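> I'd like to go over a predicted model; first the sequence, then the structure.
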Amino acid sequence: MKKTVVLFAILAAAAFVTGCATSLTCHGFDYAGPGLILTDVYKGGYIAPKAESLKEVTVLGPVSGISKSTSILGWVSNGDSSILAAKNDALKGLDADDILNIEVDTKVKSILGVISEVELHLRGIAVKYKK
C-alpha cells in the first residue's frame, strides 16, 4: 500500500510539473510558460502602426529603450515595464517626436516566484515630424 501511495504521488507531481512545460502564445509569438522553480524567458510582441506614421518625417536613426519592474514574493511590486517608459528611455536626450517601426520584446525572469523581474525591450526608428 505504501508503494502505491508513493508511486501515485510521483505520477501526480510529474503531471503537475509537465503542465508548465508547454508553450504559450503572446500576440502570435510562442514562448515557454512560467517555470515552477525558475523562469528566464524572452518573448516577442508587436505594435500596430499609428496614423501619425504616415506624416512627413525627418529620420533621426535607430533607437532602443528598456523599461523594468520587479516583484518580491508577489507582495511588493515596483517599477514601470510599460511601452511608454521604454519609449521615453529610447528618446532620452534626443529631439525626436516619435518612434516608428517599433518592435517590442519582453524578458521575464523569476526564481521560485520569490523574486521576479520583467524587462520590456523596445527598438525602432526615431523621427521628428515636419510641421
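Thanks, I have it. Residues are numbered from 1 along each chain as shown.

> can you pull out the helices in the protein?
2-18, 83-91 (DSSP state H).

> list the helices and strands the shortest one packs on?
Contacting helix 83-91 under the criterion 3 or more CB pairs under 8 Å, 6 or more residues apart in numbering; DSSP states H and E are the following elements: strand 57-72, strand 98-111, strand 115-129. Bear in mind the C-beta positions are built from the backbone N, C-alpha and C, glycine included.

> could those strands go into JSON lines alongside distance to residue 90 and mean pLDDT?
As requested, these are exported to JSON lines (distance: least, CB to CB, whole Å; pLDDT from 0 to 100):
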{"stretch": "strand 57-72", "distance to residue 90": "3", "mean pLDDT": "90"}
{"stretch": "strand 98-111", "distance to residue 90": "6", "mean pLDDT": "87"}
{"stretch": "strand 115-129", "distance to residue 90": "6", "mean pLDDT": "89"}
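
> Let me know which of those strands is the nearest to residue 5.
Nearest of those to residue 5, taken as CB to CB: strand 98-111 at 31.2 Å.

> Tabulate the helices and strands packed on helix 83-91 (TSV), appending mean neighbour count and distance to residue 80.
Listed next are the helices and strands packed on helix 83-91 as TSV, based on neighbours: other CB atoms under 10 Å; distance: least, CB to CB, whole Å:
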stretch	mean neighbour count	distance to residue 80
strand 57-72	15	6
strand 98-111	17	14
strand 115-129	18	9
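
> hmm, back to that, and the helices of the chain, which one averages the lowest pLDDT?
When the helices of the chain are compared on average pLDDT, helix 2-18 comes out lowest at a mean of 65.

> want to throw the helices and strands packed on helix 83-91 into TSV with distance to residue 78?
Below are these laid out as TSV (distance: least, CB to CB, whole Å):
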stretch	distance to residue 78
strand 57-72	6
strand 98-111	15
strand 115-129	10
